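> When you get a sec, could you give me coordinates for this:
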Amino acid sequence: MIQANKKILVWEIGGVIFILFVGSTLHFAFELTDFWKPMALIAPVNESIWEHLKMVFWPGIIFFLVEYKFLKDCVSNYWTAKTLCLLLMPLVITLGWYSMVALTGKNKFALNIALFAVAIFLGQTVSHKILTDQSHAEAKIRYSIFIIVLLSLAFTSFTYYPPKIFLFEHMDLLNTGQYGILDSYQDLQVFRK
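Residues are numbered from 1 along each chain as shown. The predicted structure follows:
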């Protein structure tokens, strides 16, 4: 049991590092691929909160699928832990960002980076807690898979067909009122410089 807990801890710490690094790289992937439309499936295409949630979701999915191969024999509640992690990280980012803006009146780059890291850390911490506490029964795997598929569909389809609400609005210094893939990338390039 102690050996399994150490193995889980190492993987969860690895998850923090992987999601942080790959997620940070994804932030610029759409622009670096010269706005290649298929990249929009996994990379943020504007400065909306929704698009930035991809930076934890897709690296999280990739890491969790790899991690499963190595932990599936050590734990009985893997899919429950990982589904909760995939739900918690975007929730922390969303609530944290709107709270930060409400309290400071500004969108601060350094605080955004810190919030991104905190969300990943909290998600992986909750995952670790569930994985090492075997008293948590595994929920039906099909429910977890259903939630993950639903989130995957939402992240891909809302990029191309975003609802016209605040969560999906491209936010820059001028609040352009644009959603999804932008009409002009000058807005995005000016904002990121």
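> Please count neighbours and contacts with C-alpha atoms only from this point.
OK.
> where's Phe30, which helix or strand?
Phe30 is part of helix 2-32, with elements assigned from DSSP states H and E.
> immediately after that helix, which helix or strand?
Helix 2-32 is succeeded, C-terminally, by helix 49-71 (DSSP H and E).
> Distance-wise, check Asp73 relative to Ile2.
According to Cα to Cα, to the nearest Å, Asp73 stands 14 Å off from Ile2.
> ok, for the residue most central in space within the chain, nearest residue in space, not its chain neighbours?
Centroid-nearest residue in the chain: Val56, 2.0 Å away (criterion: Cα atoms, centre = their mean). Closest residue to Val56 apart from its sequence neighbours, by Cα to Cα, 6 or more residues apart in numbering: Gly23 at 5.8 Å.
> Ser157: neighbour count?
13 (other Cα atoms under 10 Å).
> so the strand or helix carrying Phe116 versus helix 49-71, what angle?
Take DSSP H and E as the rule and Phe116 turns out to sit in helix 109-132. Between the axis of helix 109-132 and that of helix 49-71 there is an angle of 30 degrees, by axes from the mean of the first three to the mean of the last three Cα atoms, to 10 degrees.
> who's in contact with helix 109-132?
Applying Cα atoms under 8 Å, 6 or more residues apart in numbering, the contact partners of helix 109-132 are 5, 8-9, 12-13, 15-16, 19-20, 56, 75-78, 81-82, 84-86, 88-90, 92-93, 96-97, 136.
> again, but for stretch 63-72
By Cα under 8 Å, 6+ apart, stretch 63-72 touches Ile8, Trp11, Gly15, Phe18, Ile19, Tyr78, Lys82.
> Okay, buried residues for that stretch please.
Applying a neighbour-count criterion of 16 or more other Cα atoms under 10 Å, one finds Phe63, Phe64, Glu67, Tyr68, Leu71 buried in stretch 63-72.
> Now that stretch - C-alpha only, PDB.
Provided in PDB are the C-alpha atoms of stretch 63-72 (Å, rounded to 0.1, in the frame of the first residue of the first chain):
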ATOM      1  CA  PHE A  63      -1.800  12.800 -19.200                       C
ATOM      2  CA  PHE A  64      -4.700  10.900 -17.600                       C
ATOM      3  CA  LEU A  65      -4.800   8.400 -20.500                       C
ATOM      4  CA  VAL A  66      -1.100   7.700 -20.200                       C
ATOM      5  CA  GLU A  67      -1.200   7.600 -16.400                       C
ATOM      6  CA  TYR A  68      -4.000   5.100 -16.500                       C
ATOM      7  CA  LYS A  69      -1.700   2.500 -18.000                       C
ATOM      8  CA  PHE A  70       0.600   2.700 -15.000                       C
ATOM      9  CA  LEU A  71      -1.900   3.100 -12.200                       C
ATOM     10  CA  LYS A  72      -4.900   1.000 -13.200                       C
END
